[in-house]
Structures are given as structure tokens and as C-alpha cells.
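S.K.: Next come a sequence and a model predicted from it.
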Amino acid sequence: MSILRQLVVKPKLAADSWSLLKSETESENGRQLFPDSLIMADQLKIQVKNSFAEIPAANEAASLWLAEKQSSPAIDYLANLAIEELVTNCIKYGYDDADEHTITIELELVENELKLTVIDDGHRFNPLELTPPDINLPVEDRPVGGLGIHLLRKMSDRMEYARVEAKNHLTLWKRGSV
């Protein structure tokens, strides 16, 4: 399980927010359970290693933060699906080596809209260039892959990709009650 090694709290963070996060991140033996996180009033930055074991803690940190912000269930669901799908894709397809890599997940709430960005240093990969899967084909005739990105494209209001300083930046937006 991922251990929170450093938690930086900006002055904007309300005292009750810190208490909620701190109480939710400590296990019975006092160790913290979330990956590296930076929390600000309307932003959450999570850094995970390229390990599948890191994904549940990242989802939990995002859900806790979104719940505190009184986000809609649709926004929470999309954030969790995006983290699961995009971080999994980074881990499975982004690297040729067995080295440790950091994947950054940034969540921001602005005027009733979630902005979620996943940043990785893997191979250049723009999922928006993928041809959408033919969902009318029988399951046994469909090629493996592409369905998760297709779901994210359908569920988000918009998505953008950029390659900046040798890193992939995939950003999606979702309007809702936040």
C-alpha cells in the first residue's frame, strides 16, 4: 500500500479540511496511506509511482477531497474512472524500462467544473488520436483496448492532450455540482 511520504498544506487549506484528511489517511499504526499529495483549497495534486498498487490510494484521496468539496457523484465517478484508466495505461504501455517513474494527477475545481490532468514521462501517446472502438461488434470480435479512453471521452465534457517538456499531459473537464 502506498505511504504518504510528504504532505504539504498550503495556507488556503481550512483547518477542518486538514483534520478530515489527516484522520482519513492514518492507519491503526499511525502510518499514512495516501500517495504524495499537495492540497490547496480548490486543487489537489497527487503523485504516484508507476505501480498498480498505488491506484486505489490515489482514487481514495481524490474521492475524499471531492466529497469535502460536495462534488456530485458524477464528478467523483469520472475522477475515479479517469485515475484508474489513465494511470493503468501509463503503467502498462508508457515505459520500456523497469525503473520507477512518477505519475502526477492534478484535480482542480473552478466555477462548477472539475479539471483533471494526468501527467507522465512515458512514451508520447495522444489517446485523442485513437479511432473510437466499434461498440456494435460482438465482444469476442472487438480488439482489446481503447474502451476506457472511449468511455472517458463520452463522459467528460472535453479532453485535451499536450506533450510538454517530454511529458504527456492529458486533461479532461466535467461540469457539475461542485
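M.R.: Done, it's in. Numbers count the residues shown, from 1 in each chain.
S.K.: can you map out the helices along this structure?
M.R.: Ranges of helices in the chain, per DSSP state H, are 15-25, 55-68, 73-93, 147-155.
S.K.: do you know which of the ones you listed lies nearest residue 103?
M.R.: Ranking these by their distance to residue 103 (criterion: C-beta to C-beta) puts helix 73-93 first, at 5.2 Å. Using the backbone N, CA and C atoms, a C-beta is placed for each residue, glycine as well.
S.K.: wait, doesn't residue 67 sit right on residue 76?
M.R.: Yes: contact between residue 67 and residue 76 holds when scored by C-beta atoms under 8 Å: they sit 7.1 Å apart.
S.K.: Common neighbours of those two, please.
M.R.: Where contact means C-beta atoms under 8 Å, 6 or more residues apart in numbering, no residue is in contact with each of residue 67 and residue 76.
S.K.: Put together CSV for the helices of the chain, with mean pLDDT on each row.
M.R.: Shown next, in CSV, are the helices of the chain (pLDDT from 0 to 100):
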stretch, mean pLDDT
helix 15-25, 39
helix 55-68, 96
helix 73-93, 95
helix 147-155, 85
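S.K.: Looking at residue 67 and residue 76, which has the bigger crowd around it?
M.R.: Between residue 67 and residue 76, residue 76 has the larger neighbour count (other C-beta atoms under 10 Å), namely 21 against 13.
S.K.: ok, and the closest non-adjacent residue to that one?
M.R.: residue 66 (4.9 Å; C-beta to C-beta, 6 or more residues apart in numbering).
S.K.: so who does the one you found touch?
M.R.: Taking C-beta under 8 Å, 6+ apart as the criterion, residue 66 is in contact with 75-76, 79, 107, 114, 178.
S.K.: Neighbour-wise, which one of those leads?
M.R.: residue 114 leads those on contacts (other C-beta under 10 Å) with 27 neighbours.
S.K.: residues in contact with residue 89?
M.R.: So residue 89 contacts 125, 127, 148-149 (C-beta under 8 Å, 6+ apart).
S.K.: where's it relative to residue 118, distance?
M.R.: Residue 89 is 9 Å from residue 118, where distance means C-beta to C-beta, to the nearest Å.
S.K.: Please apply the same query to residue 47.
M.R.: As judged by C-beta to C-beta, residue 47 and residue 118 stand 11 Å apart.
S.K.: go on, residue 158?
M.R.: Distance, residue 158 to residue 118, by C-beta to C-beta: 15 Å.
S.K.: Equivalent analysis for residue 176, please.
M.R.: Distance, residue 176 to residue 118, using C-beta to C-beta: 19 Å.
S.K.: out of the two, which sits in the busier spot?
M.R.: Between residue 176 and residue 118, counting by other C-beta under 10 Å, residue 118 is the more crowded of the two (21 against 16).
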